[in-house]
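1. coords please:
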Amino acid sequence: MDYKVPLLLTPQPEGGYTVTSPLLPELVTEGDSLSEALDNVKDALAAVIEIYQDLGRPLPYTVVP
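-> Numbers count the residues shown, from 1 in each chain. Below you'll find the model as predicted:
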């Protein structure tokens with residue numbers, strides 16, 4: 001399933017990017033390049049979804065499947 005989630009990509013002084021989401025504070029990942037950081041979002045989002053399911057919490061309604 002595909003999801004639409006707002007992301008914040010923050011360049012790091014030492015290089016690379018940190019990715020967070022204002023909607024899902026549990027989603028935090030990084031990458032040495034923009035492409036790598038965005039690829040890592042897929043795994044991070046899957047982990048966050050699993051956490052929500054394990055806790056019986058619904059995803060925020062603005063996460064659109």
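
2. Pretty sure Thr18 sits against Glu30.
-> Yes - using CB atoms under 8 Å, Thr18 is in contact with Glu30, at 4.8 Å. Any C-beta I mention is one placed from the backbone N, CA and C, and that applies to glycine too.

3. Give me the three-state assignment for Leu9.
-> Following DSSP: H, G, I helix; E, B strand; the rest coil, Leu9 is assigned to strand.

4. OK, contacts around the spatially most central residue of the chain?
-> Nearest residue to the geometric centre of the chain (CA atoms, centre = their mean): Leu27, 4.1 Å. Residues in contact with Leu27 (CB atoms under 8 Å, 6 or more residues apart in numbering) are 5, 19-21, 41, 44-45, 48.

5. switch the cut-off to 10 Å
-> 5, 7-8, 19-21, 41, 44-45, 47-49, 51 (CB atoms under 10 Å, 6 or more residues apart in numbering).

6. of all those residues, which comes closest to Arg57?
-> Nearest to Arg57 among these: Ile51, at 8.2 Å, using CB to CB.

7. So that closest one belongs to a helix, correct?
-> Yes - counting by three-state DSSP, Ile51 is found in a helix.

8. The residue nearest to it when sequence neighbours are not counted: neighbouring residues, count only.
-> Among residues not flanking Ile51 along the chain, Glu26 sits closest, at 6.2 Å (CB to CB, 6 or more residues apart in numbering). Glu26 has 13 neighbours, counted by other CB atoms under 10 Å.

9. List phi and psi for Glu26.
-> Main-chain dihedrals, Glu26, degrees, to the nearest 10: phi -70, psi -20.

10. Just the pLDDT for it.
-> At Glu26, the model reports a pLDDT of 95.

11. Could I get the full set of strands for the chain?
-> Assigned by DSSP state E, the strands in the chain fall at 8-11, 17-20, 28-31.
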